[in-house]
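> Quick one, what's the 3D model for this:
(one chain, ligands or ions: 1)
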Amino acid sequence: MKVLVTGGAGYIGSHTTLGLLEDGHDVIVFDNLANSSVEAVRRVEELAGKKVDFREGNLLDADATDMVFAECDIDAVIHFAGLKAVGESVEKPLMYYRNNVVGTLNLLDSMEKAGVRHLVFSSSATVYGAAEHMPLPESLPLDATNPYGRTKEQIEDILSDLSEADPRWSITLLRYFNPVGAHESGQIGEDPQGRPNNLVPFVAQVAVGRRDKVVVFGNDYPTADGTGVRDYIHVMDLAAGHLAALRYMWKKTGTFRWNLGTGRGSSVLEVIEAFSEAAGRSIPYEFAPRRPGDAARSYADASAALTHLGWSAQRSLAEMCEDHWRWQSSNPSGFAREN
Ligand code: UD1
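Reported below is the predicted structural model:
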């Protein structure tokens, strides 16, 4: 199959691109390199021993998006391209709505024109908002609490409406929990620009000496050790979830929604402990007040993906930390040229 991967140079996109190539598919990556690196694509090609058709471009450029469909005989699209920083989305909501929602509308217009009607969309557990029903099932009403989350929610609504209106579409919404880890080679991984917002990239930068200590946001939550609990999932398991979804939806139409998580929660302190074990060094941390908008706990009901896709996450928190550490320690500055 020929698969267009928007945002394929980014963290989850690059790992999924590798999985697609290894599964025998041809991949076209369309990416504006806003928060990603062409070096990731180069390394994916090296790992797979196969070329990617890389095209630098922006979904906000409708002509450029149309052109990709005109030039390549695309069968299906996996759509990762989007901005993803919660804090930034609060400060610059228009940028988020334009980039994520308008970008997706352009993509859908181009797909429609080209008669391509298979789409996997990169959604997020953030659409469940402050829901306290643990584990979180796909059937919960959506209630995102910030502009970033609302872009995911709105795109989910747009896609459901589209497949309702035109039954030829086949759409899968994948709601990721907390992706961490890296390909086991240590060649590709997450490369956040500036100060990482997310826990594991921050812990990794402390472990490698780029930052002094981890700031733990809150130790007074109603959890076993007082710190926030999340469902961390290995990025390679996540990539496998995309391949399983693509296989499942290929001969079906309609909208499918799956949580991609492990179904298990780990606290901030458990993550620091596991990372410290993986890196073989102690990781200093200090407690600070809660981060506004954070929930005490969030973990998936991952049973639907197992039942329907035959997919479940295989890798433990220890493996997530070991693989993340291999990537971080062999690429202390990420994909930057000085490495
Ligand atoms: C965050 C976003 C979520 C997004 C996801 C993408 C918020 C409120 N939520 O989820 O919308 O989909 O990233 O991966 O930003 N923590 C610390 N110190 C840190 C960083 C985090 O203690 O320096 C804690 C947090 O309070 C939380 C846990 O670590 O309990 C995980 O945080 P994070 O990695 O940012 O993920 P989420 O908040 O779950």
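
> give me the residue from the stretch 151-300 of the chain nearest the ligand.
Evaluated by Cβ to the nearest ligand atom, the stretch 151-300 of the chain has Gly228 as its residue closest to the ligand, separated by 2.2 Å. For glycine as for every other residue, the C-beta is placed from the backbone atoms N, C-alpha and C.

> wait, that residue sits on Asn219?
No: Gly228 lies out of contact with Asn219 (Cβ atoms under 8 Å); the separation is 9.4 Å.

> what's the distance between the residue of the stretch 151-300 of the chain closest to the ligand and Tyr299?
From Gly228 across to Tyr299, the span is 11 Å (Cβ to Cβ, to the nearest Å).

> Now do stretch 244-259: distance to the chain's middle.
Relative to its chain's centre, stretch 244-259 lies at 18 Å (Cα atoms, centre = their mean, to the nearest Å).

> what does stretch 31-47 give?
That offset, for stretch 31-47, works out to 15 Å (Cα atoms, centre = their mean).

> what secondary structure does Asp191 sit in?
coil (DSSP: H, G, I helix; E, B strand; the rest coil).

> For the one helix or strand Leu47 maps to, buried residues please.
Using DSSP states H and E, Leu47 sits in helix 38-48. For helix 38-48, the neighbour count (16 or more other Cβ atoms under 10 Å) marks 39-45, 47-48 as buried.

> what's the answer for stretch 101-115, then?
101, 103-104, 106-108, 110-111, 114.

> And stretch 194-206, by the same measure?
The neighbour-count check on stretch 194-206 (16+ other Cβ under 10 Å) flags 196, 198-206 as buried.

> Out of these, which is nearest to Gly82?
Using Cβ to Cβ, Asn198 comes nearest to Gly82 of the buried residues of stretch 194-206, at 15.4 Å.

> Among the buried residues of stretch 194-206, which ones are in helices?
Among the buried residues of stretch 194-206, the members falling in helices (DSSP state H) are 199-206.

> Turn those residues into a markdown table, including pLDDT and distance to the ligand.
Converted to a markdown table, those look like this (pLDDT from 0 to 100; distance: Cβ to the nearest ligand atom, whole Å):
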| residue | pLDDT | distance to the ligand |
| --- | --- | --- |
| Leu199 | 98 | 4 |
| Val200 | 98 | 6 |
| Pro201 | 97 | 8 |
| Phe202 | 97 | 4 |
| Val203 | 98 | 8 |
| Ala204 | 96 | 11 |
| Gln205 | 95 | 10 |
| Val206 | 97 | 9 |
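
> Take those residues and write them to JSON lines, including distance to Asp63.
Shown next, in JSON lines, are these (distance: Cβ to Cβ, whole Å):
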{"residue": "Leu199", "distance to Asp63": "40"}
{"residue": "Val200", "distance to Asp63": "38"}
{"residue": "Pro201", "distance to Asp63": "35"}
{"residue": "Phe202", "distance to Asp63": "39"}
{"residue": "Val203", "distance to Asp63": "43"}
{"residue": "Ala204", "distance to Asp63": "39"}
{"residue": "Gln205", "distance to Asp63": "39"}
{"residue": "Val206", "distance to Asp63": "44"}
